[in-house]
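1. heads up, no residue letters with this:
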């Protein structure tokens, strides 16, 4: 199965007071040409479709045109997720209706949502659309889905399972476990980058990440990150 993967479109971006919409329209037209030429089976839009949460009308019209060309003119299914620049609620509006036409948009994390399944001559392919989620929101969800007695200060602690620790039924590669591991990696990467930007100044790093200094210190300890080099 051939998948066209696009991400970080940032439609509607303004660079030094100059709108990039015309350039972005040209780039999307080129992407459509590639899809036609290469015989693509489906299109994945991996976040940051817009440059801001409330995009201008030109950006909205451009995305509408692109999706129509892909979904209607080319007859290709689309799976799209919200990025950190997108508004999860705005992007996910009407998703229940759009998926009837094979346009699958995931704005917010939905632990109960089934994967999007495509199939071709080689078999079925399951796509798990995981939109951008803030670490704090992911932690709350993981705690809610995990052990009810888990320590609230440790959102990544699943505690003991009712099956005496036998995780084989759930599967180590299950969606929840993948999200948990991805959240840990994301948190660590964000903190390491922020520390590098601030010269390992914990107070400035906390401000950059928009969390308290104490929360940052706790998280650094959990992740095995030292405060000083």
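-> Yes, it's here. If you're wondering where the values come from, they're calculated on a predicted model, not measured in any experiment.
2. quick one: low-confidence parts of this protein?
-> Per-residue confidence of the chain (counting by pLDDT under 70) places the weak regions at 143-174, 228-229.
3. what do you get if the cut-off is 90, keeping everything else the same?
-> Screening the chain residue by residue with the criterion pLDDT under 90, one finds the ranges 1, 15-18, 47-48, 52-56, 83-103, 105-190, 192-200, 205-219, 221-229.
4. can you give me the domain assignment for it?
-> Residue ranges for the structural domains of the chain, counted by automatic domain parsing, are given in the record as 3-127, 135-223.
5. now the ones you listed in a markdown table, with mean neighbour count?
-> The C-beta positions use only the backbone N, C-alpha and C, and glycine is treated the same way. Conversion of the domains of the chain to a markdown table gives the following (neighbours: other Cβ atoms under 10 Å):
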| stretch | mean neighbour count |
| --- | --- |
| domain 3-127 | 16 |
| domain 135-223 | 14 |
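6. can you give me the helices for this protein?
-> Counting by DSSP state H, the chain forms helices over residues 21-38, 57-68, 88-91, 95-98, 135-145, 175-197, 202-209, 213-223, given from the N-terminal end onward.
7. for the ones you listed, which one sits closest to residue 81?
-> If you check each of those against residue 81 by Cβ to Cβ, helix 88-91 wins as the nearest, at 8.4 Å.
8. which residues touch that closest one?
-> When contacts are taken as Cβ atoms under 8 Å, 6 or more residues apart in numbering, the neighbours of helix 88-91 outside the stretch itself are 49-50, 53-54, 80, 82, 105, 107-108, 131-132.
9. apply 7 Å and report the result again.
-> Under the contact criterion Cβ atoms under 7 Å, 6 or more residues apart in numbering, helix 88-91 has outside partners 49, 53, 82, 105, 107-108, 131.
10. in TSV: those residues, plus distance to residue 92.
-> Conversion of those to TSV gives the following (distance: Cβ to Cβ, whole Å):
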residue	distance to residue 92
49	11
53	12
82	7
105	6
107	2
108	6
131	8
